[in-house]
Structures are given as structure tokens and as C-alpha cells.
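[1] Please find the sequence and the predicted model below.
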Amino acid sequence: EVQLVESGGGLVQPGGSLRLSCAASGFTFSSYAMSWVRQAPGKGLEWVSAINSGGGSTSYADSVKGRFTISRDNAKNTLYLQMNSLKPEDTAVYYCAKYNGPTVGSDYDPYYGMDYWGKGTLVTVSS
């Protein structure tokens with residue numbers, strides 16, 4: 001059974017940092033691309049970042065580029081999101097998601113090919 005369990009969320013002041021983790025199990029983690037997606041209160045889903053199976057290719061939404069860094073440790077079956085210079089508008093539930101192959105499914109639709117999601121971890125950026 002595929003399981004994705006996010007952790008690391010919490011309350012942080014504007015300008016602060018957090019590192020999210022996503023522990024994966026039930027599949028060969030190193031064979032699949034992964035992604036982070038977030039949902040702000042009362043809003044729709046927003047794709048944040050993605051990484052290919054080997055970790056050598058990453059992509060980011062313009063809203064987080066230069067502030068967030070996605071990475072993975074295939075030996076530990078864990079996906080990470082380092083979030084720096086956090087803003088109140090980064091407040092959201094953050095989900096990790098698995099793709100159905102080693103690369104992001106589409107250059108035009110970052111959600112294409114996502115087949116499993118975690119339950120999310122809440123990040124609140126507030127003073």
C-alpha cells in the first residue's frame with residue numbers, strides 16, 4: 001500500500017524558515033518523480049514544486065522560486081521542501097504527491113500523472 005506522510009509544518013513568523021518532510025512507503029521511491037502541492041484556506045490547489053526520480057531535475061512555481069528548494073533522499077525514501085523567506089501568503093496545507101513515472105508527466109500540466117497524495121501538513125506564516 002502506497003503511503004505518503006508529511007511532517008514539519010507549524011507556525012512560523014514572516015521571514016522565517018521551515019523544512020517539510022514526506023516519508024514514503026509501499027513503492028520503490030527512487031523510481032518515481034514527486035511533487036509538493038499546497039492549498040491555502042478557502043482556495044484551490046496550487047502546485048508548488050516537483051523533482052524527478054533521481055533528483056537531478058527540479059521545477060518550481062513562480063510564487064516560490066528562489067525561496068523554496070525541493071530535494072529527496074532516495075536512501076531514506078523521503079522527500080523534502082526547504083522553505084525560506086516565508087510570507088503570510090505561503091500559509092496553506094502542504095501535500096506531497098507521487099507521479100506514476102520517473103519524470104513529471106507533462107510540461108504543461110504539473111498535476112498530470114499524480115496518482116497518490118498524502119494527507120498534508122499545515123504551515124501557518126503569521127506574526
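    Received, thanks. Numbering: from 1, shown residues only.

[2] use CA for all of it now, contacts and neighbours both
    Noted.

[3] in terms of contact, does residue 40 touch residue 92 like I think?
    Yes: the pair residue 40 / residue 92 is scored as a contact, 4.0 Å apart, by C-alpha atoms under 8 Å.

[4] ok, these two, which is more surrounded?
    residue 92 (23 against 17; other C-alpha atoms under 10 Å).

[5] and that one, what pLDDT?
    For residue 92, the pLDDT comes out at 98.

[6] give me every residue that touches the most centrally placed residue in the chain.
    Ranked by distance to the mean C-alpha position of the chain (C-alpha atoms, centre = their mean), the top residue is residue 36 at 2.0 Å. Neighbouring residues of residue 36 by C-alpha atoms under 8 Å, 6 or more residues apart in numbering: 47-50, 81, 94-97.

[7] got these as JSON lines, with distance to residue 87, neighbour count and secondary structure columns?
    What follows is the contacts of residue 36, written out as JSON lines (distance: C-alpha to C-alpha, whole Å; neighbours: other C-alpha atoms under 10 Å; DSSP: H, G, I helix; E, B strand; the rest coil):
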{"residue": "47", "distance to residue 87": "17", "neighbour count": "19", "secondary structure": "strand"}
{"residue": "48", "distance to residue 87": "14", "neighbour count": "24", "secondary structure": "strand"}
{"residue": "49", "distance to residue 87": "17", "neighbour count": "24", "secondary structure": "strand"}
{"residue": "50", "distance to residue 87": "20", "neighbour count": "29", "secondary structure": "strand"}
{"residue": "81", "distance to residue 87": "15", "neighbour count": "23", "secondary structure": "strand"}
{"residue": "94", "distance to residue 87": "15", "neighbour count": "28", "secondary structure": "strand"}
{"residue": "95", "distance to residue 87": "18", "neighbour count": "26", "secondary structure": "strand"}
{"residue": "96", "distance to residue 87": "20", "neighbour count": "30", "secondary structure": "strand"}
{"residue": "97", "distance to residue 87": "23", "neighbour count": "26", "secondary structure": "strand"}
